[in-house]
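Asker: model the structure of this input:
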Amino acid sequence: MTTHTRRTLLLLLLTLVVGAALSAWLFRATLFATGGQEEAARGRPPPAVETARVERATIADRIRATGTLQAPEAVTITAQTAGRVATIHFEEGQRVAKGARLVELERDRSEAAVERAAARLEQRSSAEARREELMVKDFVSAAELDSAEAAAREAQAQLRIAREDLDDRRIEAPFAGVIGRRLISVGALLKPGDPIARLSRTQPLDLLFMVPGVEIGRIESGQRVEATTPAYPSRRFDGALTLIGTEVDPGTRTLPLEATLDNPDDLLKPGMFMQVALIVGQRDTLRVPEAALITEGPNTLVYALRPAAEDGENSGATVERRRVETGARRDGWVEIRDGVAASERVVIAGLQGLRDGLAVRPTSATEPSDAGATPAESAETRR
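Answerer: Down below sits the predicted model:
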């Protein structure tokens, strides 16, 4: 036998030994995974699992966007006449009512001017009355009477101007709102137009945001708006859509919208960034807790009870592996569009080690609370 032949036979023998060892290992592993496990589990009670009912729910269709708060009315309070500041009646950040007195300028000279104008008017009116009496007796001409009447009217106009100047020295809030930073001090000499402070209406506030132009067909005035802000992560602010833009921006292809938000606690401030959800519709669907879902590649699965167990005493239930089609998610819930039926129960805890057809001991779980919110959302449009 040649050396080459011996090597060939040795290689063949080694290959047979390795193949036999591998086959034995695979057989042992398979035996352990099936018969071995079942044999080990024989005599044990079925595993306990927590379950939750598949519920019917009404979910809202939302268009997501971001927006900015803006005061519906804001004005810089200014001086209407020249004068020195005598009294300041407000504090920075104070809420004031409409007509509240904010600032008073020195009034002595203006009050004297009103008194002088009133005296002049009285004098001119008396002169006019005397000329009317003399006109009846033909002691004065019609031209003299006309001159006296004109002088009386001029005196009346001067009195009105003096009174308005006096009134302008008392500066009041044109509407209810919050006063901003004070820009003057007592004793300062103001000229007409000099700024005093900024007044903004903050109850309610306007929320400006943009949505894709393709959503125009789903948008109507009065639709509900829900807004949140990172400043108050646990709060939600509700409002209504009050203004729909008349044009789509040709650059961004977006439509401007405006909503009105209540702000009773003054938590929100103009200029704040808000995350917006515009409610454009609602529909009925099914939902399950998020904990029931198992993701395997592109598939989403749940374990449903078969038969559907009504309580924890149904120890004869088994689990059935189901592929489901999911939709919107919110507040711990997931929309189920296909794969389960209403009132069925799905496993939400104890999923490890489950397999199709395995007997289980189901118990009911405490299901998440909606806290007054819509249970789930449909697919959203974001901007």
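
Asker: my read: G316 touches A359, true?
Answerer: Yes. Using C-beta atoms under 8 Å, G316 is in contact with A359, at 7.2 Å. For the C-beta atoms, the positions are set from N, CA and C on the backbone; glycine is no exception.

Asker: spatially central residue in the chain, please.
Answerer: A227 (0.7 Å; C-alpha atoms, centre = their mean).

Asker: so that residue belongs to a helix, correct?
Answerer: No. Checked against DSSP: H, G, I helix; E, B strand; the rest coil, A227 lies outside a helix; its state is strand.

Asker: now do the contacts for it.
Answerer: 67, 207, 236-239, 259, 261, 274-277 (C-beta atoms under 8 Å, 6 or more residues apart in numbering).

Asker: name the nearest residue to R355, ignoring sequence neighbours.
Answerer: With C-beta to C-beta, 6 or more residues apart in numbering as the criterion, R355 has its nearest non-adjacent residue at 7.4 Å, and that residue is R321.

Asker: secondary structure element for the one you found?
Answerer: R321 is part of strand 318-323, with elements assigned from DSSP states H and E.

Asker: packing partners for the very next helix or strand once past that strand?
Answerer: Using DSSP H and E, the next helix or strand after strand 318-323 towards the C-terminus is strand 325-330. Where contact means 3 or more C-beta pairs under 8 Å, 6 or more residues apart in numbering; DSSP states H and E, strand 325-330 is packed against strand 55-70, strand 333-338.

Asker: how far off centre is the first one?
Answerer: This points to strand 55-70. Strand 55-70 sits 9 Å away from the centroid of its parent chain (C-alpha atoms, centre = their mean, to the nearest Å).

Asker: going forward, begin numbering at 7 instead of 1
Answerer: All set: I'll call the first residue 7, so the last point we hit is now strand 61-76.

Asker: show me what contacts E117?
Answerer: Residues in contact with E117 (C-beta under 8 Å, 6+ apart) are L172.

Asker: pLDDT on stretch 344-356, on average?
Answerer: Taken as a whole, stretch 344-356 has an average pLDDT of 87.

Asker: which positions in that stretch come out as buried?
Answerer: Within stretch 344-356, the residues that count as buried by 16 or more other C-beta atoms under 10 Å are 345-346, 350-354, 356.
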